[in-house]
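J.: structure for the following, please:
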Amino acid sequence: MSYFRNVKPQLDNLLEMFSRNERWLITINADPDAMGSAMALKRILSHRVADVDIARVNEITRPDNLAMVRLLRIPMVKLTPQVTAQYDKFAIVDSQPHHHPLFSELDYSIVIDHHPLNDDFPVTAEYKEILPGYGSNSTILTEYLYQLKIRPGKLLATALMYGIKTDTNDFERNFNEIDIRAFKYLSKYANHPLLSRIARSEMHYDWLDYFSRAITGIHKVGSGQYAFVGVVDNPDALVVIADFFMRVHEMRWVAVCGVYQDKAIVIFRGDGVNRDLGRFAYCQFSDIGSAGGHKALARAEIPIEELCGKDVEMFIFKRLVSPTRSRLVKCAKPAEDDIETMCE
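T.: Next comes the predicted model:
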């Protein structure tokens, strides 16, 4: 049995699309998996087209993502109409055109993704491969490199490894055997000290104040814990705090809430054993905001105006402890293609 699936026939078709007089732009919603995938596709396109660049639709704020960009030297520009006007062909990785308004404005020649398809938004492209069974899009691009006999350099291998690591949550969710094989294959070429340094870049110095508030204010909510942080300048801080609490031996699940701009944001983390947090978040908050996620990690976002002037900390607390919420609303899980966004 071969190490990876045989994708050579389709890759031959992919390579035939490239022309040395064309400029290509790879668009992404920048996270580790998307950035690693874009770097790999750029490597494949290099020397086969006139020019290839990467453009992102989002601002990068998470410390680990910023460290990844800096340490792995990932060149990117912000996606704007002025930028797209400079290119002839477009590719998108780790997303589909309907995932962002700016994506939907472009006519894509290449779509490579691992998120579920949405029947309401069919994907059309000269070349497309969408594999929802894969835990990471970086795995698909690793297969491509392997089949094309392109040995990934240290920075590229490190980026792809980190993409697999983050999207599978260290192989704790949504992965298959091919993801493991890709991770093992890349480990031969990656810079492991650099990978560890990126992974440890979890927080900004200013976030320590949020940790102080959360630790001093945490209190029990049923079988879990609840911490209210107050106003934050970046909701990613809530994610880092929730992940930190789950390192405490006694913690079964935790909800960390903060106010960002005009929303109350609640980040859920758990052991994945005692409670389905995705369903719990949906049942408790979907009637007043967006909510959902996976069994061990979930998120809820509630517009402040829905609280009608009520104290945010106490309002969220009452929702969390309410034994009747799950019987008052229809608790069907949200659509699969919405889950990834809600649990980040």
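J.: so what's the residue count around the residue nearest to residue 154 when sequence neighbours are not counted?
T.: Leaving aside its sequence neighbours, residue 154 sits nearest to residue 191 (CB to CB, 6 or more residues apart in numbering; 4.6 Å). C-betas here are computed from N, CA, C, even on glycine. Neighbourhood size, residue 191 [other CB atoms under 10 Å]: 17.
J.: now do the one 5 residues further on
T.: Neighbouring residues of residue 196 were enumerated by other CB under 10 Å; the total is 10.
J.: which parts of this protein are strands?
T.: Using DSSP state E, the strands of the chain run over 23-28, 51-56, 77-78, 89-93, 110-113, 127-130, 219-221, 224-231, 253-260, 263-270, 290-293, 297-303.
J.: compile those strands into a markdown table and extend it with columns for mean pLDDT, mean neighbour count and distance to residue 240.
T.: Putting the strands of the chain into a markdown table (pLDDT from 0 to 100; neighbours: other CB atoms under 10 Å; distance: least, CB to CB, whole Å) gives the following:
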| stretch | mean pLDDT | mean neighbour count | distance to residue 240 |
| --- | --- | --- | --- |
| strand 23-28 | 98 | 23 | 23 |
| strand 51-56 | 98 | 20 | 21 |
| strand 77-78 | 96 | 13 | 25 |
| strand 89-93 | 98 | 24 | 26 |
| strand 110-113 | 98 | 23 | 27 |
| strand 127-130 | 96 | 17 | 31 |
| strand 219-221 | 92 | 11 | 20 |
| strand 224-231 | 96 | 20 | 11 |
| strand 253-260 | 97 | 24 | 9 |
| strand 263-270 | 96 | 24 | 9 |
| strand 290-293 | 91 | 24 | 17 |
| strand 297-303 | 95 | 23 | 13 |
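J.: okay, the ones you listed in JSON lines with distance to residue 119 next?
T.: Below are these laid out as JSON lines (distance: least, CB to CB, whole Å):
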{"stretch": "strand 23-28", "distance to residue 119": "23"}
{"stretch": "strand 51-56", "distance to residue 119": "28"}
{"stretch": "strand 77-78", "distance to residue 119": "31"}
{"stretch": "strand 89-93", "distance to residue 119": "19"}
{"stretch": "strand 110-113", "distance to residue 119": "15"}
{"stretch": "strand 127-130", "distance to residue 119": "13"}
{"stretch": "strand 219-221", "distance to residue 119": "38"}
{"stretch": "strand 224-231", "distance to residue 119": "36"}
{"stretch": "strand 253-260", "distance to residue 119": "33"}
{"stretch": "strand 263-270", "distance to residue 119": "29"}
{"stretch": "strand 290-293", "distance to residue 119": "19"}
{"stretch": "strand 297-303", "distance to residue 119": "25"}
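J.: where are the low-confidence patches of the protein?
T.: Confidence mapping of the chain against pLDDT under 70 gives the ranges 1, 323-344.
J.: map the structural domains onto the sequence of it.
T.: 8-200, 207-343 (automatic domain parsing).
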